[in-house]
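Student: show me how the following folds:
(one chain, ligands or ions: 2)
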Amino acid sequence: MKLDATDLRYVTADEFRVLTAAEIGSKNHEVIPTPLIAQISGLRSGGVNKILGSLAKRNLVARVQNAKYDGYRLTYGGYDYLAMRALSKRDSLFSVGNQIGVGKESDIYVVADAEGNQMVLKLHRLGRISFRAIKSKRDYLGKRKSASWMYMSRLSAQKEWAFMKVLHEHGFPVPKPIDQARHCILMGLIDAYPLRQINEVPSPGKLYSILMDLIVRFARVGLIHGDYNEFNILIHRETGEPVVIDFPQMVSTSHENAEWYFNRDVECIRTFFRRRFRYESALYPKFKASLNNEDVEGFKLDVEVAASGFRSRDQKVLEEYMKSVQEDEESGHGNEEESEEGEESEDGESEDEEGGVVEDGGSGGVVDGGETKVLPPDDIEEP
Ligand code: ADP
Ligand code: MG
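Tutor: Ligands and ions are numbered 1, 2, ... in the order given. All right, here's what the predicted structure looks like:
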């Protein structure tokens, strides 16, 4: 997925209204009927058609010819644009540079603020691997089956943001959280290589014990990383110190499978050190013993995260999604790419779960019980 930074500057006010209308409409419609986009945007429908055409040319929306009706859907590109525009309106983001990572469920770019300070932009992309394949298990999405990739990607970013913030505040070696909007996170750029790329370290034993101590430190504050491996541990180029990244799958030590997650994190490090550095130690952390000191730290970060606004219901939804993707991969269906073409919704007409209030942090319009109120452009508040 290519990000076009020039697009950030060349979207007119009306185009922005239409794009925002498409986003609002996609809460309840997999394919948003053109008249609905016109209604939400408050613009004349002739004008809206033309604008949709030009947005489609730039891949910010995609035209979908459905069995029932024709319409549009917001693309990844359109959602990226809305998020980046929000970040740039708040002066967090000024320019977009090179892509430095493409994960299964994220794209990573080096970006900069107006002073040229470099940062990392992580765009969460859940649902890139087939939502269709896991459709049967989509009950947890409730009525939000439409736009599930947007919803899941946003939840994932919100979760990562909540964890990065509390971890950073409490002195854990993680990137500095800078800003968050929709499915995006802005964070400090770490001058580092992933451990995966490192063939030699001055003292494998020392690094091993720092990494194991971190697992224990996480556990003492009630957390398990959940994906603690050589890809998610960066080694600082100058200091050789590890920095931990990638938090969407963090779990609480009170999770029913906590011990299993904990052991898996420990095992990842042991296996990597054995293979890469031929280093093996009889010492490694055990779950129960790591919890013994629970009170030493005097606070529980899992509780703090829950209090920070990332609701346990959101946590549950995300966890269900991740579980079904994993089961899907294990059964060998996980790798088919979801096409950029719209997937037809079985119940595209469903009411939004939250009673219709757009809770993406204010895209401007409020959809209320079927009646659509549209705020004038100046009142459009960015999340
Ligand atoms: P994913 O969820 O796709 O695994 P990650 O958060 O692990 O995404 O990031 C993917 C890659 O991007 C990392 O392995 C690392 O190389 C790079 N990266 C991510 N965040 C940073 C950062 N803050 N500083 C430097 N590199 C980063
Ligand atoms: Mg990762």
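Student: state the distance from Leu167 to Phe247.
Tutor: Counting by C-beta to C-beta, to the nearest Å, the gap from Leu167 to Phe247 is 8 Å. C-beta: built from backbone N, CA, C; applies to glycine.
Student: what kind of secondary structure is Tyr279 in?
Tutor: When the structure is split into helix, strand and coil by DSSP: H, G, I helix; E, B strand; the rest coil, Tyr279 lands in coil.
Student: now do the contacts for it.
Tutor: The contact partners of Tyr279, by C-beta atoms under 8 Å, 6 or more residues apart in numbering, come to Pro204, Gly205, Tyr208, Phe273.
Student: among those residues, which are in strands?
Tutor: The subset of the contacts of Tyr279 located in strands under the criterion DSSP state E is empty.
Student: possible to save those residues as a markdown table with neighbour count and pLDDT?
Tutor: Supplementary listing: those in a markdown table, determined by neighbours: other C-beta atoms under 10 Å; pLDDT from 0 to 100:
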| residue | neighbour count | pLDDT |
| --- | --- | --- |
| Pro204 | 16 | 97 |
| Gly205 | 13 | 98 |
| Tyr208 | 21 | 98 |
| Phe273 | 22 | 98 |
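Student: quick check: the farthest pair among those?
Tutor: By the measure C-beta to C-beta, the contacts of Tyr279 have their two most distant members at Gly205 and Phe273, which lie 9.0 Å apart.
Student: please enumerate the shared neighbours of those two.
Tutor: With C-beta under 8 Å, 6+ apart applied, the overlap between the contact sets of Gly205 and Phe273 consists of Tyr279, Ser281.
Student: regarding the chain, what is its longest helix?
Tutor: The helix of greatest length in the chain, counted in residues with DSSP state H as the criterion, is given as helix 148-169.
Student: which secondary structure elements does that helix contact?
Tutor: Secondary structure elements in contact with helix 148-169, counted by 3 or more C-beta pairs under 8 Å, 6 or more residues apart in numbering; DSSP states H and E, are helix 76-89, strand 118-124, strand 177-181, strand 184-188, helix 301-307, helix 312-330.
Student: could those be laid out in TSV, adding distance to Ser54, mean neighbour count and mean pLDDT?
Tutor: As requested, those are exported to TSV (distance: least, C-beta to C-beta, whole Å; neighbours: other C-beta atoms under 10 Å; pLDDT from 0 to 100):
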stretch	distance to Ser54	mean neighbour count	mean pLDDT
helix 76-89	12	23	93
strand 118-124	23	23	97
strand 177-181	24	22	98
strand 184-188	24	24	98
helix 301-307	42	18	79
helix 312-330	34	16	80
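Student: closest to ligand 2 out of those?
Tutor: Taking C-beta to the ion as the measure, these were each checked against ligand 2, and strand 118-124 came out nearest at 9.6 Å.
Student: CA atoms of the closest one as PDB?
Tutor: What follows is strand 118-124, C-alpha atoms only, in PDB (Å, rounded to 0.1, in the frame of the first residue of the first chain):
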ATOM      1  CA  GLN A 118      11.600  12.000  12.500                       C
ATOM      2  CA  MET A 119       9.000   9.700  13.900                       C
ATOM      3  CA  VAL A 120       7.400   6.400  13.100                       C
ATOM      4  CA  LEU A 121       3.800   6.100  11.800                       C
ATOM      5  CA  LYS A 122       2.300   2.700  12.200                       C
ATOM      6  CA  LEU A 123      -0.900   2.000  10.300                       C
ATOM      7  CA  HIS A 124      -2.800  -1.000  11.600                       C
END
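Student: partners of it, with directions?
Tutor: Applying DSSP bridges to the sheet, strand 118-124 is found paired with strand 106-112 (antiparallel), strand 184-188 (antiparallel).
Student: which one of those lies nearest to ligand 1?
Tutor: In this view, the strands paired with strand 118-124 are compared for proximity to ligand 1 by C-beta to the nearest ligand atom, and strand 106-112 is the closest at 3.5 Å.
Student: gap between Leu283 and Ala114?
Tutor: Summarising the geometry, the distance separating Leu283 from Ala114, computed by C-beta to C-beta, is 49 Å.
Student: so which of the two has more stuff around it?
Tutor: Ala114 (11 against 8; other C-beta atoms under 10 Å).
Student: so who does the residue in the stretch 201-350 of the chain that ligand 2 sits nearest to touch?
Tutor: The stretch 201-350 of the chain approaches ligand 2 most closely through Asp246 (3.8 Å), counting by C-beta to the ion. Taking C-beta under 8 Å, 6+ apart as the definition of contact, the neighbours of Asp246 are Glu160, Asp227, Phe231, Asn232.
Student: returning to that earlier point: quick one: which of the contacts of Tyr279 is nearest Ala67?
Tutor: Checking these one by one against Ala67 (C-beta to C-beta), the nearest turns out to be Phe273, at 55.2 Å.
Student: contact partners for the closest one?
Tutor: Residues Pro204, Tyr208, Tyr279, Glu280, Ser281 are the ones in contact with Phe273 under the rule C-beta under 8 Å, 6+ apart.
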